[in-house]
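*Asks:* Got a sequence here, can you build the structure:
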Amino acid sequence: MKLTVSTVAVKRKWTQARCHLSAAVRRGARFMLGAACALFLVAGWTAAALADPPPDGAAPQGSEDRPSQQQDDQQADIARLIRQLGDERFSLREAATEKLIEIGLPVLGAVEQATESPDREIRYRSERILAIVRQLDFQRRLEAFAANRDSGEDYDLPAWSRYRERMGDDPNARSLFVDMQRAEPDVLRILEESPKAAGHAIEDRCQQLQQAMQLFRQQLSVGNVAALLFVASEAEGQLPQQPAQILYGFCHQPSFRSALDEGSRRDLVRKLLGSYIVRGEDWTAYQGIMLAMQYELKEGLVPAEKMLKVGGNPPHLQQYAILAVAKLGDKSHLPLLEGQLEDNTRLSARRVNDHTFETQVRDVALAALLHVSGQDASEYGFDQLQPNEQLLFNPSTAGFENEEQRAAALAKWKEFRAGAKAPDAADAPEPPGGADAPEVPGEADGADAPDKPESQERPDISDKRNSPEQPDTPK
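*Replies:* Below you'll find the model as predicted:
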């Protein structure tokens, strides 16, 4: 029993001694390791202090290789992630997709090549990644552009240079451009890439928006309509009639109508609409003319003048061109309107108190001439003429009951024009010798002056009875 107890005690003592020894050895090892690290650091600092410093402006040795190495490593990671897009495990494909989107712009080149991969999954995911990365980059640049409204930077936004040339670079112009980019980025990008293809893009987009409005009662924003008007006025060639009509219809959207009437961007949206109106032809010219008269846009004169000069238009379109010139033009347009006085095409007829009044194209032209020249239409027999805020007057009320009344009114206009073109007495040149020239015998004391040759006599145009061209007006 003694032996057994003694043996256990010895083992216990030996175990304790071994533990103490191990602890001491560990403490010694840590001390030696710390000392070695300290010596290493001191040696490094000493070598750096003794070494010659690099010249001013010189990069540390080996630093020029770091960016290149980092780029190589990044491209290797991108290539690995693209291969992972075709992995059999869905979780790895999703992880690779998210990682490539997170990397952003540096993946574009490799991902574009991957869109032609023989692996269908890689192609599909690459196209998706490409679209998302580009969209995120576009949104980043657009937000930077919007935040720096007073900056001259363009942030490489599509169609900005075209827009700035026409609309300016002030804060309101930049704000409208941001709304246009947010609403219609695709059509603006197509305009930047190919003005020839912009017309087709507008055509497709107008039909898409019209369907959305019909099915979902969607209303368009100012940015939608402004962007479409801008691209349509910049695109090469004319829009087909149907999309052109749809686009004019968009101009009646509540948000755009409000912008045309008021607000800090009123002049900008009116300028965009005017730039599109000047390109109108045929039926689309009529729609543009009506909008121009509604908002008093001088650009409506361009298609209206063209219609009157070229001729051959349907009479109901001709009358609105006449009204547009009368409302938006001035006295310089009198000869153009007078050219319509020979057009006896019938426009309409109406009955008033058992009397029938017929309106012809020349009747509308005559009433328009009276407005431009500042005369009272009732003095020419237009007793039934009804004013109209948009059209000046209702053209169907500019008619006559018979040809005698019409002929009398036209003759009265010719008489007025003859008098307006004749020089006034105050503007007549002084006689030879000036104001102090000797008086002509018989004129100063009221004696009868010698008879003048008949060719020098001028009829008194103020008296209708002395004008051989003026028939008596029926009472």
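*Asks:* mind checking how far stretch 136-153 is from the chain centre?
*Replies:* Stretch 136-153 sits 19 Å away from the centroid of its parent chain (CA atoms, centre = their mean, to the nearest Å).
*Asks:* Sorry, wrong one. I was asking about stretch 201-211.
*Replies:* 16 Å.
*Asks:* If you count neighbours, what's buried in that stretch?
*Replies:* Neighbour-count burial for stretch 201-211, counted by 16 or more other CB atoms under 10 Å, picks out 201-203, 205-206, 209-210. Backbone N, C-alpha and C define where each C-beta goes, glycine included.
*Asks:* How about residues contacting that stretch?
*Replies:* The contact list for stretch 201-211, computed with CB atoms under 8 Å, 6 or more residues apart in numbering, reads 184, 186-187, 190-191, 218, 220, 224, 228, 231-232, 235, 239-240, 243, 246-247, 249-250.
*Asks:* Can I get the buried part of those as one PyMOL selection?
*Replies:* This is the PyMOL syntax for the buried subset of these, where burial follows 16+ other CB under 10 Å:
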select buried, resi 184+187+190+191+220+224+228+231+232+235+239+243+246+247+250
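*Asks:* Can you list which of the contacts of stretch 201-211 are found in strands?
*Replies:* Using DSSP state E to define strands, no part of the contacts of stretch 201-211 is located there.
*Asks:* Now do the phi/psi pair for Glu342.
*Replies:* Per-residue torsions, Glu342: phi -100, psi 0 (degrees, to the nearest 10).
*Asks:* Determine how far stretch 216-232 lies from the middle of the whole chain.
*Replies:* From the chain centre to the centre of stretch 216-232 is a distance of 10 Å (CA atoms, centre = their mean).
*Asks:* What separation do you get for the residue nearest the centre of the chain and Phe145?
*Replies:* Centroid check for the chain by CA atoms, centre = their mean gives Phe230 as the closest residue, at 3.1 Å. Distance, Phe230 to Phe145, using CB to CB, to the nearest Å: 17 Å.
*Asks:* quick one on the thing from earlier: turn the buried residues of stretch 201-211 into JSON lines, columns for pLDDT, distance to Ala411 and secondary structure.
*Replies:* Compiled in JSON lines, those are given as follows (pLDDT from 0 to 100; distance: CB to CB, whole Å; DSSP: H, G, I helix; E, B strand; the rest coil):
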{"residue": "Ala201", "pLDDT": "96", "distance to Ala411": "56", "secondary structure": "helix"}
{"residue": "Ile202", "pLDDT": "95", "distance to Ala411": "51", "secondary structure": "helix"}
{"residue": "Glu203", "pLDDT": "95", "distance to Ala411": "51", "secondary structure": "helix"}
{"residue": "Arg205", "pLDDT": "97", "distance to Ala411": "55", "secondary structure": "helix"}
{"residue": "Cys206", "pLDDT": "97", "distance to Ala411": "50", "secondary structure": "helix"}
{"residue": "Leu209", "pLDDT": "97", "distance to Ala411": "54", "secondary structure": "helix"}
{"residue": "Gln210", "pLDDT": "95", "distance to Ala411": "51", "secondary structure": "helix"}
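*Asks:* tell me which of the residues you listed is nearest to Gln384?
*Replies:* Relative to Gln384, the closest of the buried residues of stretch 201-211 is Gln210; by CB to CB it sits at 40.4 Å.
*Asks:* contacts for stretch 296-305?
*Replies:* Outside stretch 296-305, the residues within contact range by CB under 8 Å, 6+ apart are 270, 273-275, 277-278, 280-281, 285, 288-289, 291-293, 320-322, 324-325, 327-329, 333, 336.
*Asks:* same thing with stretch 181-197?
*Replies:* Here stretch 181-197 makes contact (CB under 8 Å, 6+ apart) with 138, 142, 157-159, 162, 180, 198, 201-202, 205, 221, 223-224, 227-228, 230-231, 234-237.
*Asks:* likewise stretch 376-388?
*Replies:* Under the contact criterion CB under 8 Å, 6+ apart, stretch 376-388 has outside partners 352, 357, 366-367, 370-371, 393-394, 397-400, 405-406, 408-409, 412-413, 473.
*Asks:* Buried ones among those?
*Replies:* Using 16+ other CB under 10 Å, the buried ones in those are 357, 366-367, 370-371, 393, 397-400, 405-406, 408-409, 412-413.
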